[in-house]
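[1] Compute the structure for the input listed below.
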Amino acid sequence: MCLEKDSAYLTIHDVNHAALSTEEGEPAVLERRLAPAYSEDIQINTFNPPNLNSFAWHPTQENLITTIAGLGTMWNSMVFERITLNWSSTSKLGWSDGKKVIHYIDSTDEVYASLDDISLKMKQRALNGYGLAVSFLKIVSQLTMLLKH
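    Reported below is the predicted structural model:
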């Protein structure tokens, strides 16, 4: 994270070390700009917010940052992590929540039904033999009857 000169914003640099898209294997860097969230009781011109003088991460709360503006205004803001969404081949939808917790839902969860995932229907059809087993048995029984006559 960096504080820009004469700016009302902080720049956050998200470094993804696991990026495989580059040939040299160099990390991918994404930049985000953070504008501190000021209270409604503080009179701030939203078109020309005050420049920031300093910032500091909270020592115990992972996503809390304190900023100090040129007016001497000190304010806490939440910085939210970028959410990476992963969908596994077994139809599990997973995402991280901070550094320690990974959440996931799968086809057994009620909320998953609202996604209307066609891959579950395709999987069930494949497990059922695409309906070929029934028609195959029907053909075999018809051939058997023809051979008997």
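[2] now the helices for this protein?
    Taking DSSP state H as the criterion, the chain carries its helices at 118-127, 132-148.
[3] quick one: average pLDDT of the first one?
    What helix 118-127 shows for mean pLDDT is 82.
[4] Could you list the domains of the protein?
    2-78, 83-116, 117-149 (automatic domain parsing).
[5] Make a markdown table from those domains and add mean neighbour count to it.
    Bear in mind the C-beta positions are built from the backbone N, C-alpha and C, glycine included. A markdown table is the format used below for these (neighbours: other C-beta atoms under 10 Å):
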| stretch | mean neighbour count |
| --- | --- |
| domain 2-78 | 12 |
| domain 83-116 | 11 |
| domain 117-149 | 10 |
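[6] Beta-bridge partners for the residue nearest to V111 when sequence neighbours are not counted, please?
    Nearest residue to V111 in three dimensions, chain neighbours excluded: I105, at 6.0 Å (C-beta to C-beta, 6 or more residues apart in numbering). Under DSSP bridges, the beta-bridge partners of I105 are L93.
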